[in-house]
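In: Whatever this is, show me its structure:
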Amino acid sequence: MIPSADLVARIRSASGDTQEGLARRLAVSYPTINAWERGRSEPTARHRATLEALAAELGIVHEFAVMVIDDDPVTAELVEAAAAEFDGAVTVHSALNGWEGLVTCGAVRPGLLFLDIMMPGIDGLEVARRLPTIPGLDDMRVVFVTASQSPEILSRAAALGNAVLGKPVDLDDLARVIRDTMDESSRR
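Out: Numbering: from 1, shown residues only. This is a model prediction of the structure:
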């Protein structure tokens, strides 16, 4: 789901409306639109539904956010290549370490996380243990990506995540995971 501030900005851009014009269209005050667009407040469920309907009329694609936390930038490049199949409906964010990844996950609230296990500093298993403390990530799917063959590590990863992919990762497997997660997310 596109955050409300981004959704309002995209609707205004696609429709050519000013904040005042969009306010009239939605029968709300100008300060309300301003607050939504600046992220200072959120629309009610009824207004959000109206914004969603307007976005659909304007052909605004709902982006699906994917996060990659891996100290090897090649993994993020592969995920970006797999995401290209979805014609701009998928945005990929990446972090090169666990700490940066946790912060970015909290800010982006992705629907899918590809998480490396073996990283310097805080490893992927520790990142996965800390994720539940971040609000808004309850529905995020965690897929570990690892070169490890250790049964103990793979078992711990399976207990903390939704799936484990071996490195080197296959582009088709990444695209399949993204597609399946998007489909599952749209059914919720």
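In: max-length helix in the protein?
Out: Ranked by number of residues, the top helix in the chain under DSSP state H is helix 171-187.
In: Now do that one: distance to the chain's middle.
Out: Computed by C-alpha atoms, centre = their mean, to the nearest Å, the separation of helix 171-187 from the middle of its chain amounts to 12 Å.
In: which parts of it are buried?
Out: Residues 173-175, 177-178, 181-182, 185 are the ones in helix 171-187 that count as buried (16 or more other C-beta atoms under 10 Å). Every C-beta, even on glycine, is put in place using the N, C-alpha and C of the backbone.
In: same for that helix, what does it pack against?
Out: If contacts are counted by 3 or more C-beta pairs under 8 Å, 6 or more residues apart in numbering; DSSP states H and E, helix 171-187 sits against strand 64-69, helix 73-83, strand 112-116, strand 141-146, strand 163-166.
In: So which other helices or strands are in contact with the third one?
Out: In this structure, strand 112-116 packs against strand 64-69, helix 73-83, helix 124-130, strand 141-146, helix 171-187, with contacts taken as 3+ C-beta pairs under 8 Å, 6+ apart.
In: if we go to 6 Å?
Out: With contacts taken as 3 or more C-beta pairs under 6 Å, 6 or more residues apart in numbering; DSSP states H and E, strand 112-116 sits against strand 64-69, strand 141-146.
In: Same check on the first one?
Out: Counting contacts by 3+ C-beta pairs under 6 Å, 6+ apart, strand 64-69 is packed against helix 73-83, strand 90-95, helix 98-108, strand 112-116.
In: domains for the chain, by residue range?
Out: Domain segmentation of the chain under automatic domain parsing yields 4-57, 64-187.
In: Just give me how far the first one sits from the chain centre.
Out: Going back to what we said before, that points to domain 4-57. Centroid separation between domain 4-57 and its chain, computed with C-alpha atoms, centre = their mean, is 21 Å.
In: first vs last residue of it, how far apart are they?
Out: End-to-end span of domain 4-57 (C-alpha to C-alpha, to the nearest Å): 17 Å.
In: Could you dump the domains of the chain into CSV and include mean pLDDT?
Out: Shown next, in CSV, are the domains of the chain (pLDDT from 0 to 100):
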stretch, mean pLDDT
domain 4-57, 90
domain 64-187, 92
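In: Not counting its own residues, what contacts the helix or strand hosting R46?
Out: Using DSSP states H and E, R46 maps to helix 45-57. Helix 45-57 has contacts (C-beta atoms under 6 Å, 6 or more residues apart in numbering) with 7, 11, 26.
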